[in-house]
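Colleague: structure here, sequence nowhere to be found:
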Ligand code: G1P
């Protein structure tokens, strides 16, 4: 049995420039999809997959993420006084237990690889997961739970992949897959944000990873890659010289909430699954489409 994965890293230091001015004072990870902040979905997905320690790599203006995962004493006391049991139970269920969260700051916007590297002392010498909260995964079981299932069988390092439109390869890390190994696939090529003409496939890394701690040896080198940033993909390529990195094809829908269209689509997709609002929303959408052209 491979060593269990109990710790997950959430890189949440990004400036959210694509959502300005909404993200001037509110971190993009706190933008709601229906009525839950994006970061809550990623934490829920990690908990479902058995994660017990949640490490957030944050930056300035991100302290409300820490508040979000804390107890709000006054709020909870008021809800209790008013007998709002359902709301209280929800807040309690969303909150990791005391001592299960750790926050550290990235300090510099030096890339995703750098953000993960900032968690090295907290993670230590154990396998760990990385979840990019911008990428919202809709499935049961969740994406990380699907990966854990594969990890228990094949161990090593794993990334989750989905298919993108062929003209979107320059937005993601793209992989080429080889033979199947149980529920996973060998990765035969991996390149960060290639132009469509240079892309080895349309399978993109969708923001969920399981790594062995040796990844940090390669992140320690601080090599700059695409965009002058320290890229996680480059460290993965280095790691693949000494350890297997395999891909799991994600069975579910991926919403790229880093883009406005993806974020809005996620809101509709999640709202349409909510019995309390789905019917009303469907009726509103029909009216909107009728008056704005379908
Ligand atoms: C990062 C990764 C990329 C991955 C993407 C998923 O890119 O570098 O390989 O496909 O996340 O969202 P970023 O979105 O940080 O530019």
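Modeller: That came through fine. Being a predicted model, the structure only gives us computed values, none of them experimental.
Colleague: residue numbers of the stretch 151-294 of the chain in contact with the ligand?
Modeller: With CB under 6 Å from any ligand atom as the criterion, the stretch 151-294 of the chain comes near the ligand at residues 172-173, 192, 204-205, 207, 231-233, 258. C-beta: built from backbone N, CA, C; applies to glycine.
Colleague: most neighbours among these, which one is it?
Modeller: The most neighbours of any of those, using other CB atoms under 10 Å, belong to residue 232, which has 28 neighbours.
Colleague: need the contact list for that one.
Modeller: Contact analysis of residue 232 by CB atoms under 8 Å, 6 or more residues apart in numbering lists 111-113, 116, 130, 173, 209, 219.
Colleague: as a markdown table, those residues with secondary structure and pLDDT would be great.
Modeller: Written out in a markdown table, the entries for the contacts of residue 232 read as follows (DSSP: H, G, I helix; E, B strand; the rest coil; pLDDT from 0 to 100):
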| residue | secondary structure | pLDDT |
| --- | --- | --- |
| 111 | coil | 94 |
| 112 | helix | 96 |
| 113 | helix | 97 |
| 116 | helix | 98 |
| 130 | strand | 98 |
| 173 | strand | 94 |
| 209 | strand | 98 |
| 219 | helix | 96 |
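Colleague: residue 254 touches residue 135, doesn't it?
Modeller: Yes: between residue 254 and residue 135 a contact is recorded at 5.9 Å, counting by CB atoms under 8 Å.
Colleague: tell me the one among the contacts of residue 232 nearest to the ligand.
Modeller: In terms of CB to the nearest ligand atom, no member of the contacts of residue 232 lies closer to the ligand than residue 173, at 2.3 Å.
Colleague: helices or strands next to the longest helix along the chain in the packing?
Modeller: For the chain, the helix reaching the highest residue count under DSSP state H is reported as helix 278-292. Taking 3 or more CB pairs under 8 Å, 6 or more residues apart in numbering; DSSP states H and E as contact, the helices and strands that helix 278-292 lies on are helix 260-271.
Colleague: show me the contact partners of the helix it packs on.
Modeller: Judged by CB under 8 Å, 6+ apart, the contacts made with helix 260-271 from elsewhere in the structure are 18-19, 31, 33-34, 136, 138, 253, 255-257, 277-278, 281, 285.
Colleague: show me what contacts the closest residue to residue 200 other than its chain neighbours?
Modeller: Excluding its sequence neighbours, the residue lying closest to residue 200 (CB to CB, 6 or more residues apart in numbering) is residue 176, at 3.7 Å. With contacts taken as CB under 8 Å, 6+ apart, residue 176 has the following neighbours: 187-190, 200-201, 203.
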